[in-house]
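> would you be able to build a 3D model of this:
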Amino acid sequence: MRKLTILILIIATLAMVSCVTQDYSAFKDSRPRSILVMPPVNQTVDITAPLTFISTATYPLAESGYYVIPVTLSSQTFIQNGVTIAEEAHQIPHARLRQIFGADAALYITITNYGSNVNLLHGRARVLVTAEAKLVDLRTGVEIWTHKIYEEDSGQRVNTSGFGLLGFVATVAVNQVINVVTDRAFDVGKKANNTLLSANSYNGILYGPYHPKYDGE
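Residues are numbered from 1 along each chain as shown. Now for the predicted structure:
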């Protein structure tokens, strides 16, 4: 009974946290028209995670009504100036970024989970992606929006029939799971990024000036 009570309290707490409404007052005051996507900080062991997020960031932002500085251009600019680590890019003064790229705001993304947790007993590969983002006005240095995303896919079963114990472990852990999870991680990461950066999602960014739903307030 005590465990059930604790579980109910946890669920209730999570529900209250998830229902917290975003404060858009700073965002409305800022009214950004253009956004620079900064190199994502990767706190996971998967080196492909930043590429997934930066390569899929432009679409949801553009669809939400913003001009996005081409990520190929911004990435090359950072590299040519000797900035090859995301954490170093995030330390560049806002005024300097504004001077170089001319963007109104910069998007900072930190990836906290990206990859799989393999359940050999049930032959399943669970893919989890979590990230957090913040939008900073480069003209004032004010943080105008922040959001977190949690995306999970645990529905795909890996085919392991016909193997002995050693073959089961080797085949699942080395061959099949790696192939399946690689594709699924990108798909889950892309979905998470689309939700995180879309104006059509709960607590997402506001519609920008190039979208019909932009109210200008």
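> okay, buried residues for stretch 32-41 please.
By neighbour count on 16 or more other CB atoms under 10 Å, the buried set for stretch 32-41 is 32, 34-41. Placement of C-beta: from N, CA and C, glycine included.
> let me have these in JSON lines, extended by pLDDT and secondary structure.
Shown next, in JSON lines, are the buried residues of stretch 32-41 (pLDDT from 0 to 100; DSSP: H, G, I helix; E, B strand; the rest coil):
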{"residue": "32", "pLDDT": "97", "secondary structure": "coil"}
{"residue": "34", "pLDDT": "98", "secondary structure": "strand"}
{"residue": "35", "pLDDT": "98", "secondary structure": "strand"}
{"residue": "36", "pLDDT": "98", "secondary structure": "strand"}
{"residue": "37", "pLDDT": "98", "secondary structure": "strand"}
{"residue": "38", "pLDDT": "98", "secondary structure": "coil"}
{"residue": "39", "pLDDT": "97", "secondary structure": "coil"}
{"residue": "40", "pLDDT": "97", "secondary structure": "coil"}
{"residue": "41", "pLDDT": "98", "secondary structure": "strand"}
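> now, which of those residues sits nearest residue 142?
The closest of the buried residues of stretch 32-41 to residue 142 turns out to be residue 32 (CB to CB; 10.9 Å).
> check contacts around that closest one.
Residue 32 makes contact with 66, 103-105, 135, 137, 144, 208, according to CB atoms under 8 Å, 6 or more residues apart in numbering.
> redo that, cut-off 10 Å
Contacts of residue 32 were listed using CB atoms under 10 Å, 6 or more residues apart in numbering, and they are 66-67, 103-107, 135-139, 144-145, 205-206, 208-209.
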